[in-house]
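Q: Sequence and computational prediction follow.
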Amino acid sequence: MSPQNKNESLEHAEFRSYCRDWLSHHDAGTPLVKLPQSAIEIMHPEQLNYLRKWQRDAYSAGLIGCDYPVNEGGAGRKGCQAIANQEMARAGKPFLPNVLGLGMAAPTLHFHAQQALKERLLPRLFSCEDVWCQGFSEPGAGSDLANVQTFAEPKGDKWIINGHKVWTSLAHFADWMILLLRTDKSSKYDGLSYFVVPIKSALGKGVSVQPLIKITGETGFNEVFFDNLEISDDYRLDEVGKGWKVAQTTLLHERGAGPMVTPSSGRGNKKASAVGDAYALIDLAKDSMRDGQSAANDPLLRDQIMQMIIRQEGSKQGARRAKVEGLCEHPMRLPLQTKLVMSEIRQDNAAVALDILGAHSTLSINDENAPAGGEWPLAYMNSYGITIAAGASEIQRNILGERVLGMAKSK
Amino acid sequence: MTQAKNFAFGENEKMLRDTARKFLQDNLPTVKLHQLVASDSDPYRDPPCHWDKNLWLQIVELGWSTVIVPEEIGGSGMSLVALCALVEEAGRAALPSPFIATAIASLVLRECHTSPANELLQAIASGKTATLASTPKSASWLASDCDVCLADGTLNGSAYFVQDARKVDTLLVQCKTQSGLALYAVPTNSEGVDIIADGIIDLTRDQAHIHLNRVSVSDTQLLSEQACDVLEAAEPGILTLVSADICGAGEWQLQTTVEYMKVREQFDHPLGYFQALKHPLVNVMIMIDQAKSLTYNAACAVDSEPENAAKFARMAKASASEVAAYASNRSIQSHGGIGFTWECFVHLYSKRQKHNQVLYGDAKYQRAKLADLLMGPVYR
């Protein structure tokens, strides 16, 4: 069967064919350790090393960063990353580990960094030679992100950084960090600046990383402390005082609403990839019992499952409609919903799964009798990471109400 | 078959839609609509049937009736996606007219593939109007259920929940025959046809039940002898059109309420400042967007992916019915006291939406049918 989609250009069809062919011949191998549900739960170096090799191979084959310019480590293509993503997911390949680099650091560097810095950092980011993390939230700046207090003081052509970042996923492996900080205490928004910081090389020399433990018991995110870290002014993006503007590029991409498509792959193992998908709830119900008969016969569960399938299909068709200008009321209306809608669907899918499982939903991943390996209760707990991170759902509703619908700004 | 990436919504469809939007903005602003349909607030009034026939004649001139009629029989042979875009505008304007009833009749007629059906389609393309009269008194939406029988060349029985019956020229009457179910074209002025207006909540349309007492029909009126198959084949398109109406009306409800959130002030702030009002309206927007995406997906499936049309249309109508309920609820509640009055326009749309919500099956009904498709039936 020809893989060409209707209305796809010849270039895109050829690229799709190429991806499909490469993916069918490439074996990502079997991991020696159990993989977590997503990149931000990577705890062990063995997990990272396996996934890093996969990302490097996919980058070498041209499936990652392909829409970026050639001198930034890309292939100078247009509209091809989305195709590579579809094919990687279709092939059931593992997820990509460097998610904060690919989804946030890369587009921010692309739009705001000096050419030399892009050429130096982006190829290593795409190949996962460098792992990236994001230094945004602080103990006193969560939903109110612009309140960050980590401070950079100028010293000649260098900066001295002091402060405290939290919820920093992957910091324990990261080579680099994108860092939003303050360079002026007299102005909230205009006092912010944006840097990229080589944190691994500074560990013990001005940077320390301490793990935080999530509600699941997993690690993966951290606190990062800066104690008189000295860095070069070459690592600043855009002008001093323009940090909030640069951060908007990061946040837009983090929420799936930016112009650069984030490279993404599948979720590897079958058990984990079913978790989060509404259609998987059908099989879950068929495999579960309720009141002495198949849970798939329960009309209330059937209704709940259909609600989830409809929401999931609606979100999928929304992504399709977002590309048809004539069918959109406002250019940012669908893109700015992406993160909110997807994260709530994911959470509610898991909640319905727990309903279906009934008493079996009490069994966790450390119990051999847990249905689907206990991945559903784990997914339910982990889903809060996404409804809280990157601007909690409540902040997303403020943004939509204000930027798209034009209602007054809330406090 | 796969669908086009852009729902096949191109320049022609956009131009048709934009023209329709401007035409309705210019000719039927909400203040005029209110004057047209809400002149009598007496809850015990005789069922009214207010519509602007002149406006309808102009709509016929604009070609809305021809959109899905095939070119070879005098139509413009466009897609259901194009028709959907027009119906969305009709919903946005809460247009009282035989447009949607006739569009639904056209969807049924184009599944018949007989010369009487093609002749009627041709007549519709040049301005005739029609509505489907197939629902029994029990309000079952199953295509196999009807309360009319054919015997000795005459139709006897009743059809219920007939939309815009007093605005149309022709009824598409489903009836039981000795060999199954048939569909006949019956002019509304035929002898023995008694149209009894229902007293309905919605002011922007009319509905009736129809008694047929020895109504003579001939073979030239026989649209199909496989009425059940025809109605089942047309159902995804019908659900899609009602969903499109809901999306358009929902968008009016959202935008109108949001405007009120900007101008009305309490506690020294515009209402939109308060998240208790702001966040639910964002939820309305998200629900409209979900329903709209599913509606165009369903329309595109009817056009180019028929094997998935039933599934996608059920999703669209389930999603849209939830919009009809929730957007109406928020539009009235967010307007406060003024929203509870007859003079505030929001009730016009809320009433149209509550009608749309249940028409051809509400959200729970659609989800139950969808579950049968995706999970198989319940075994007892």
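A: Great, that's in hand.

Q: if I look at the residue nearest to residue A:114 when sequence neighbours are not counted, how far off is chain B?
A: Spatial nearest neighbour of residue A:114, excluding adjacent residues (C-beta to C-beta, 6 or more residues apart in numbering or on different chains): residue A:234 at 7.4 Å. (Glycine included, C-beta is placed from N, CA and C.) According to C-beta to the nearest C-beta, to the nearest Å, residue A:234 stands 42 Å off from chain B.

Q: Pretty sure residue A:234 sits against residue A:117.
A: Yes. Between residue A:234 and residue A:117 there is a contact under C-beta atoms under 8 Å: 6.8 Å.

Q: can you give me the helices for chain A?
A: Using DSSP state H, the helices of chain A run over residues A:10-25, A:45-60, A:81-90, A:99-100, A:106-112, A:115-126, A:243-254, A:270-274, A:280-286, A:299-321, A:338-357, A:375-388, A:393-399.

Q: if we can go back for a sec, contacting residues for the residue nearest to residue A:114?
A: A:114, A:116, A:117 (C-beta atoms under 8 Å, 6 or more residues apart in numbering or on different chains).

Q: which one of the residues you listed has the most neighbours?
A: When neighbours are counted by other C-beta atoms under 10 Å in any protein chain shown, residue A:117 leads these with 16 neighbours.

Q: Contacts only, for that one.
A: Residues in contact with residue A:117 (C-beta under 8 Å, 6+ apart) are A:109, A:196, A:234, A:235.

Q: can you redo those residues as a markdown table with distance to residue A:404 and pLDDT?
A: Listed next are the contacts of residue A:117 as a markdown table, based on distance: C-beta to C-beta, whole Å; pLDDT from 0 to 100:
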| residue | distance to residue A:404 | pLDDT |
| --- | --- | --- |
| A:109 | 28 | 98 |
| A:196 | 31 | 98 |
| A:234 | 38 | 96 |
| A:235 | 34 | 97 |
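
Q: what residue of chain B is the furthest out?
A: Distance to the chain centre peaks in chain B at residue B:268, reaching 42.4 Å (criterion: C-alpha atoms, centre = their mean).

Q: pLDDT wise, what is the residue of chain B found nearest chain A at?
A: Minimum separation of chain B from chain A (C-beta to the nearest C-beta) falls at residue B:272, amounting to 2.8 Å. You'll see residue B:272 listed with a pLDDT of 98.

Q: buried ones in stretch B:306-316?
A: B:308, B:309, B:310, B:311, B:312, B:313, B:314, B:315, B:316 (16 or more other C-beta atoms under 10 Å in any protein chain shown).

Q: can it be found next to chain A?
A: Yes. On the criterion C-beta under 8 Å from any C-beta of the partner chain, stretch B:306-316 is in touch with chain A at B:312, B:315.

Q: cool, stretch B:243-251 as well?
A: Yes. Legend: contact between stretch B:243-251 and chain A by C-beta under 8 Å from any C-beta is shown at residue B:251.

Q: what distance separates that stretch from the centre of its chain?
A: 10 Å (C-alpha atoms, centre = their mean, to the nearest Å).

Q: And the contacts of it?
A: Residues from elsewhere that reach stretch B:243-251, judged by C-beta under 8 Å, 6+ apart: A:329, B:84-85, B:87-94, B:100, B:284, B:287-288, B:291-292, B:294-295, B:298-299, B:313, B:316-317, B:319-321, B:323-324, B:327, B:349, B:352-353, B:356-357.

Q: Please repeat the previous calculation with a cut-off of 6 Å.
A: Here stretch B:243-251 makes contact (C-beta atoms under 6 Å, 6 or more residues apart in numbering or on different chains) with B:84, B:87-89, B:91-92, B:288, B:291-292, B:295, B:316-317, B:320, B:323-324, B:327, B:349, B:352-353, B:356.

Q: Buried ones among those?
A: B:84, B:87-89, B:91-92, B:288, B:291-292, B:295, B:316-317, B:320, B:323-324, B:327, B:349, B:352-353, B:356.

Q: circling back to that earlier point, lowest average pLDDT across the helices of chain A?
A: Among the helices of chain A, helix A:270-274 has the lowest mean pLDDT, at a mean of 55.

Q: What is the neighbour count of the residue lying closest to residue A:187 once chain neighbours are set aside?
A: Closest residue in space to residue A:187, ignoring its immediate chain neighbours: residue A:241 at 7.8 Å, by C-beta to C-beta, 6+ apart. Neighbourhood size, residue A:241 [other C-beta under 10 Å]: 15.

Q: Can you tell me how far residue A:241 is from residue A:79?
A: According to C-beta to C-beta, to the nearest Å, residue A:241 and residue A:79 sit 35 Å apart.
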